[in-house]
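J.: got a predicted model here, sequence first, then my questions.
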Amino acid sequence: MFEMKSVEFSGPLDKLLELIEGKKMDITRISLAEVTADFLTYLKDLTQANQENKNDSLSRIIADFLVVASQLILIKSKAILPEIELSEEEEESIQDLEKRLELYNQIKPMLAVLKKSWKENSPSFSREMFSSIQPVFYPPLKISINDLKLSLQSLVDSLGSFILETEKIERQIFTLEEKVAELSQRITDGISKFSQVISKKSRQEAIVMFLALLHLLRDQVLRVKQSEIFKEIELERV
Amino acid sequence: MEENKQNQNNVAALEAVMFLYGEPMDLEKLSKVMKISTEEAKTALEELKNNLLSENRGLILIEKGGSFVLATKPEFSSFLDNFVRENLKEDLTPASLETLSLIAYFSPISRAQIDYIRGVNSSFILRNLLIRGLVDRKMKGNMYLYEPSFDFLKHLGLENISQLPEFVRFQQIKDNYFSAESSKSENQPAFI
Amino acid sequence: MEENKQNQNNVAALEAVMFLYGEPMDLEKLSKVMKISTEEAKTALEELKNNLLSENRGLILIEKGGSFVLATKPEFSSFLDNFVRENLKEDLTPASLETLSLIAYFSPISRAQIDYIRGVNSSFILRNLLIRGLVDRKMKGNMYLYEPSFDFLKHLGLENISQLPEFVRFQQIKDNYFSAESSKSENQPAFI
């Protein structure tokens, strides 16, 4: 099962490559569509592990995985329904993913090399600054109490933006498990349209909701019907 | 003869200054402290570096971005175990390793480039690496460029970054990739 | 021939060890650190001393009561003294001022906390502030805690840090920040 130590988790590109290599395929759109399900399963396991053991770095890894997952879902959808027209932006994003995977594949040996060097290193050491000098009190010529206050204030201000950034990322993380439960509940409550499920939800959350939908579909908990592309997805409990 | 004598003196003075200061110094700072020209400082540095190659010397000269610092030869690290910094003993996570190797082999590199190649947001990892002192960043234009720090070089016992294993080979990947990128389109989202 | 080679190696190792330790060491300690006999250490010391006589060396070996330490040659002392003084006199950089204000308001504070709040490694700046006598540090458990020096507070015309402007407000920010950080995860925030 899952190692809980976050050090064991690799990034999304690494995982994706591993899955593609596992199928002995090249990096193509077909192979990407092929491994989408496995990738989502891995993501589900990650989110489950995260629920059992809240951990900051794991949450961050999941956020990273979600970005790639949404691109894969796009590829998968296109593979299943070839008549889907991808927008220019979507097409670029898929090409980007392919390009990144190619590059990542090339630099993978680099990571291995550095990892080895890091482990088997013989370090050099330098001396501390003026290590032979005893401290002497040398006040700066111009320094006032106000300088200290202003400097600290601007540091605190920049801290605020970093904390906000942290919260933003955390807000983006909706665990798949939660969404599966939510979706399941809402269908039980009588909701029958996917658009109702994702109304007023952020793009990120909508993606996870769609993931949840795929999971319920796979587990044969529900049936879906879509008369036309971009039309309403009708939901029905099995 | 006179000039040679002067050179020798500069090498000795250089050694004394670098020993005392202990932190990296660039040519400008050295020439100012030693009251010689940057040309003379450069000659003295080269001679010092050459002298250190001798088997009876225990030091190396580490260089990064035009700055230099004296450090112990890596072969003697087993005698100096207790100087290893606590926060360098820890293993690197796969994400840190990924980011650090990009910075080591592809420096100087922007956060946007790192994010693009990794396919994920790297701000936390970069912050962590900065805090651990393994990478430096410098402002260029309106963005930060990241590069390996002196502490990183020291930790691996390298005199400069090009001593990293297979450095040239991986540099080529970077050159191929980035030159293809920049010739292809004007609007490159990843490299702004 | 073999023996000569070994001697050379000992001299190099000795140079590395003394360079880094920077404190007087006697034969016993040297032989223990270098894992050689005191006899071999003595031979290496003599050879090092001899090598340092060369005009292109800037260091000397000082002996005091059976202990040995490397130091800069006296002939360089006037320009090195100047160098030290110039360095201590330099204006504080924005980064130094930031670190100093952090220590003033949030003391006692550990290096890990300082690094974490600033988002970069602060060891060079802390060393600078220490030798300028602006901050002190004291060991608590296995880490140093930093605080403003008495001289520095006096220089600012303060009797204690609570007289700093808006001291209470900043204290609250500190408390909020660290308690929020530590409640968020089990992992120590400073060591992500």
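T.: Yes, it's here. Numbers count the residues shown, from 1 in each chain, chains lettered A, B, ... in the order given.
J.: where exactly do the strands run in chain A?
T.: For chain A, strands defined by DSSP state E occupy the ranges A:222-226, A:233-237.
J.: so what strands line up beside the first one?
T.: Same thing as strand A:222-226. Next to strand A:222-226 in the sheet, as set by DSSP bridges, lie strand A:233-237 (antiparallel).
J.: list the buried residues in the strand it pairs with.
T.: Residues of strand A:233-237 classed as buried by neighbour count (16 or more other Cβ atoms under 10 Å in any protein chain shown): A:233, A:235. In short, each C-beta sits where N, CA and C put it, glycine included.
J.: for stretch A:121-141, same thing?
T.: Residues of stretch A:121-141 classed as buried under the neighbour-count rule (16+ other Cβ under 10 Å) are A:121, A:123-132, A:135, A:138-140.
J.: give me the low-pLDDT residue ranges for chain B?
T.: Chain B contains residues with pLDDT under 70 at B:1-8, B:179-192.
J.: where do the domain boundaries of it fall?
T.: Taking automatic domain parsing as the criterion, chain B consists of the domains B:2-74, B:91-184.
J.: if I look at the residue lying closest to residue A:46 once chain neighbours are set aside, how far off is residue A:208?
T.: Spatial nearest neighbour of residue A:46, chain neighbours left out: residue A:62 (5.4 Å); criterion: Cβ to Cβ, 6 or more residues apart in numbering or on different chains. According to Cβ to Cβ, to the nearest Å, residue A:62 and residue A:208 sit 10 Å apart.
J.: the two - which one has more neighbours?
T.: Between residue A:62 and residue A:208, counting by other Cβ atoms under 10 Å in any protein chain shown, residue A:208 is the more crowded of the two (28 against 23).
J.: so the more buried one touches residue A:66, yeah?
T.: Yes - taking Cβ atoms under 8 Å as the definition, residue A:208 is a contact partner of residue A:66 at 6.7 Å.
J.: would a markdown table of the domains of chain B with distance to chain A and mean neighbour count be doable?
T.: Output for the domains of chain B, formatted as a markdown table (distance: least, Cβ to the nearest Cβ, whole Å; neighbours: other Cβ atoms under 10 Å in any protein chain shown):
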| stretch | distance to chain A | mean neighbour count |
| --- | --- | --- |
| domain B:2-74 | 4 | 18 |
| domain B:91-184 | 4 | 19 |
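J.: a markdown table for the ones you listed, including distance to residue C:51?
T.: Output for the domains of chain B, formatted as a markdown table (distance: least, Cβ to Cβ, whole Å):
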| stretch | distance to residue C:51 |
| --- | --- |
| domain B:2-74 | 7 |
| domain B:91-184 | 22 |
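J.: next, the contact list for residue A:148, please.
T.: By Cβ atoms under 8 Å, 6 or more residues apart in numbering or on different chains, the contact list for residue A:148 reads C:97, C:100-101, C:104-105, C:156, C:164.
J.: mind redoing it with 10 Å?
T.: Residues near residue A:148 by Cβ atoms under 10 Å, 6 or more residues apart in numbering or on different chains: C:97-98, C:100-105, C:148, C:156, C:164-165.
J.: please name the nearest non-neighbouring residue to residue B:87.
T.: Leaving aside its sequence neighbours, residue B:87 sits nearest to residue B:132 (Cβ to Cβ, 6+ apart; 5.2 Å).
J.: what's the separation between that neighbour and residue A:129?
T.: Taking Cβ to Cβ, one finds residue B:132 at 19 Å from residue A:129.
J.: and whatever helix or strand residue B:51 lives in with chain C, contact?
T.: Assigned by DSSP states H and E, residue B:51 belongs to helix B:38-52. Yes - using Cβ under 10 Å from any Cβ of the partner chain, helix B:38-52 reaches chain C at B:44, B:47-48, B:51-52.
J.: quick one: the helices in chain B?
T.: In chain B, the helices defined using DSSP state H lie at B:2-21, B:27-34, B:38-52, B:86-89, B:94-106, B:111-118, B:123-131, B:150-156, B:167-184.
J.: how about a markdown table for the ones you listed, with distance to residue A:20 added?
T.: Shown next, in a markdown table, are the helices of chain B (distance: least, Cβ to Cβ, whole Å):
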| stretch | distance to residue A:20 |
| --- | --- |
| helix B:2-21 | 51 |
| helix B:27-34 | 49 |
| helix B:38-52 | 47 |
| helix B:86-89 | 35 |
| helix B:94-106 | 18 |
| helix B:111-118 | 17 |
| helix B:123-131 | 24 |
| helix B:150-156 | 32 |
| helix B:167-184 | 20 |
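J.: please name the residues that touch residue A:100.
T.: Residue A:100 is in contact with A:12-13, A:16, A:27, A:68, A:71, B:116-119, B:190, counting by Cβ under 10 Å, 6+ apart.
J.: which of these lies closest to chain C?
T.: Set against chain C, the nearest of the contacts of residue A:100 by Cβ to the nearest Cβ is residue B:118 (17.4 Å).
J.: most centrally placed residue in chain A?
T.: Residue closest to the mean C-alpha point of chain A, counted by Cα atoms, centre = their mean, is residue A:64 at 1.8 Å.
J.: setting aside sequence neighbours, what's the nearest residue to residue B:144?
T.: Leaving aside its sequence neighbours, residue B:144 sits nearest to residue B:137 (Cβ to Cβ, 6+ apart; 4.2 Å).
J.: returning to that earlier point: helices or strands up against the helix holding residue B:51?
T.: helix B:2-21, strand B:25-26, helix B:27-34, strand B:59-64, strand B:67-72 (3 or more Cβ pairs under 10 Å, 6 or more residues apart in numbering or on different chains; DSSP states H and E).
J.: so what touches it?
T.: Helix B:38-52 is contacted from outside by B:6-15, B:17-18, B:25-34, B:36-37, B:57-61, B:63, B:68, B:70, B:73, B:159, C:12, C:15, C:54, C:56-58, using Cβ under 10 Å, 6+ apart.
J.: kindly report the same for stretch A:223-238.
T.: Outside stretch A:223-238, the residues within contact range by Cβ under 10 Å, 6+ apart are A:77, A:81, A:83-85, A:183-184, A:186-188, A:190-198, A:210, A:213-214, A:216-217, A:219-222.
J.: next up, the contacts around residue A:17.
T.: Taking Cβ under 10 Å, 6+ apart as the contact definition, residue A:17 lies against A:10-11, A:27, A:35, A:101-102, A:104-105, A:108.
J.: now list the buried members of those residues.
T.: A:10-11, A:27, A:35, A:101, A:104.
J.: filter those residues down to just the ones in helices.
T.: Using DSSP H, the buried ones among the contacts of residue A:17 in helices are A:35, A:101, A:104.
J.: chain neighbours aside, what residue packs nearest to the residue nearest to the spatial centre of chain B?
T.: In chain B, the C-alpha nearest the mean C-alpha coordinate belongs to residue B:64, at 3.6 Å (Cα atoms, centre = their mean). Take residue B:64 and drop its neighbours on the chain: the residue closest to it by Cβ to Cβ, 6+ apart is residue B:150, 5.8 Å away.
J.: surely that neighbour meets residue B:156?
T.: No - with contacts counted by Cβ atoms under 10 Å, residue B:150 stays clear of residue B:156, the gap being 11.2 Å.
J.: give me the distance between the closest residue to residue A:15 other than its chain neighbours and chain B.
T.: In this structure, residue A:15 finds its nearest non-sequential neighbour in residue A:42, 6.0 Å apart by Cβ to Cβ, 6+ apart. According to Cβ to the nearest Cβ, to the nearest Å, residue A:42 and chain B sit 14 Å apart.
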